[in-house]
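In: The following comprises the amino acid sequence and a computationally predicted model.
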Amino acid sequence: MIGGLSVKKIIDDVRLIFKCCSLYYQDGLGQKEICEVLGISRPTVSRMLSIGRERGIVRIEIQNPDNIAYGQMERTLEKKYGLQEVVIVPSSPLSDGRRPLNSQLGSAALEYLLRVLMDGYLVGITMGLAIQSVVRSDYFIRSPIDVTFVPLVGGVAESRPDIHSNYLAQEFADRFGGKCIQFFSPAVFSRREVLKGFLEERTIQNVIRMYARLDLVLMGIGIPSTEHSTVLQTGYVDSAILAGFSAQGAVGDIALRYFNGQGDPSPFESFNERVAGIPLDTLKNIPRRVGVVGGRQKTRAVRGAIRGGFINVLITDIDCAQGLL
């Protein structure tokens with residue numbers, strides 16, 4: 001097994017074979033480097049390169065066999081933005097009764113996790129509908145993985161507990177057969193000084209110290225829009241606050257920390273410093289920072305998150321991908 005995904009299933013993934021061959025033959029990466037990028041073992045990389053030659057994927061140049069959907073676009077985005085990996089799925093909305101979600105986006109993210117997760121990993125989970133769509137996707141998890149899921153933002157709110165970080169961390173733990181930590185805290189405090197005192201509590205420090213040890217973070221990216229923002233549903237901010245953020249140049253938020261188009265969170269420090277959760281500076285040091293984002297309206301937010309160094313893996317749909325190009 002590689003993570004929770006069988007070797008046979010991985011080496012049958014033509015999109016992954018294409019990407020492996022492209023990294024090796026076009027980008028000049030060694031097999032060890034490809035292992036680190038794709039989260040697979042060295043023998044699996046070697047086997048994929050052999051399969052690439054056997055199937056005629058590798059001739060004088062890399063061929064995208066049978067026109068595999070979006071393969072070349074993924075490579076283009078990886079190079080354009082310096083990303084570790086990009087996965088693109090079709091636009092396929094699935095309504096949850098409030099706004100459309102993409103079921104294929106959730107399945108692609110879950111498949112990625114099964115490929116890269118290992119026993120003993122610490123995985124950070126943000127909040128929102130995108131992350132909910134991942135844990136509730138129909139993708140089959142064959143074997144449990146001993147992973148601990150850690151909420152990255154406080155989970156007390158007036159509404160929609162099903163999209164909060166604590167709730168989703170528990171769902172991931174149940175789905176993977178792993179464990180989870182709970183972070184019992186308001187998400188946004190009234191004053192920075194109150195938050196500072198709260199974070200000094202021993203039980204809270206036990207959670208905060210885990211943030212620097214995370215192996216992977218799975219995150220949605222919000223936007224300051226009254227039409228598309230799930231933050232409004234939680235009651236953390238109101239439409240007037242969001243309008244003020246937009247006027248200041250905000251393009252998105254990760255775990256309630258807002259940033260502008262250049263990935264700079266400093267214009268929103270007066271709000272960000274009152275959020276109980278992972279600081280963006282800590283987030284940037286985590287090895288795998290996976291953004292799950294769909295829709296063309298998220299393009300500016302994704303670009304800002306990339307510029308800020310907040311994500312290095314992007315799982316997205318064709319609408320957002322085309323916007324990024």
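Out: Arrived safely.

In: residue boundaries of the strands in the stretch 201-325 of the chain?
Out: Listed in chain order, the strands found in the stretch 201-325 of the chain under DSSP state E, counting those that start in this stretch are 216-219, 250-254, 257-260, 288-293, 313-317.

In: Adding distance to residue 115 and mean neighbour count, write those strands out as JSON lines.
Out: (Each C-beta comes from the backbone N, C-alpha and C, glycine too.) As requested, these are arranged in JSON lines below (distance: least, CB to CB, whole Å; neighbours: other CB atoms under 10 Å):
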{"stretch": "strand 216-219", "distance to residue 115": "11", "mean neighbour count": "25"}
{"stretch": "strand 250-254", "distance to residue 115": "23", "mean neighbour count": "27"}
{"stretch": "strand 257-260", "distance to residue 115": "28", "mean neighbour count": "25"}
{"stretch": "strand 288-293", "distance to residue 115": "11", "mean neighbour count": "25"}
{"stretch": "strand 313-317", "distance to residue 115": "11", "mean neighbour count": "26"}
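
In: Out of these, which is closest to residue 280?
Out: With distances scored as CB to CB, the stretch of those nearest to residue 280 is strand 257-260 (5.2 Å).

In: Could you look up the SS state of residue 104?
Out: When the structure is split into helix, strand and coil by DSSP: H, G, I helix; E, B strand; the rest coil, residue 104 lands in helix.

In: cool, residue 124 as well?
Out: Counting by three-state DSSP, the backbone at residue 124 sits in strand.

In: give the contact list for it.
Out: Each residue near residue 124 by CB atoms under 8 Å, 6 or more residues apart in numbering is listed here: 149, 150, 151, 152, 211, 214, 216, 217, 218, 219, 278, 286.

In: try it again with 6 Å
Out: With contacts taken as CB atoms under 6 Å, 6 or more residues apart in numbering, residue 124 has the following neighbours: 150, 152, 214, 217.

In: Between those residues, which sits nearest residue 169?
Out: Each of the contacts of residue 124 was checked against residue 169 using CB to CB; the closest is residue 150, at 6.6 Å.

In: What is the subsequent helix or strand relative to the one helix or strand that closest one maps to?
Out: Secondary structure here is read from DSSP states H and E; on that basis residue 150 sits in strand 148-151. Past strand 148-151, further along toward the C-terminus, the next helix or strand under DSSP H and E is helix 165-176.
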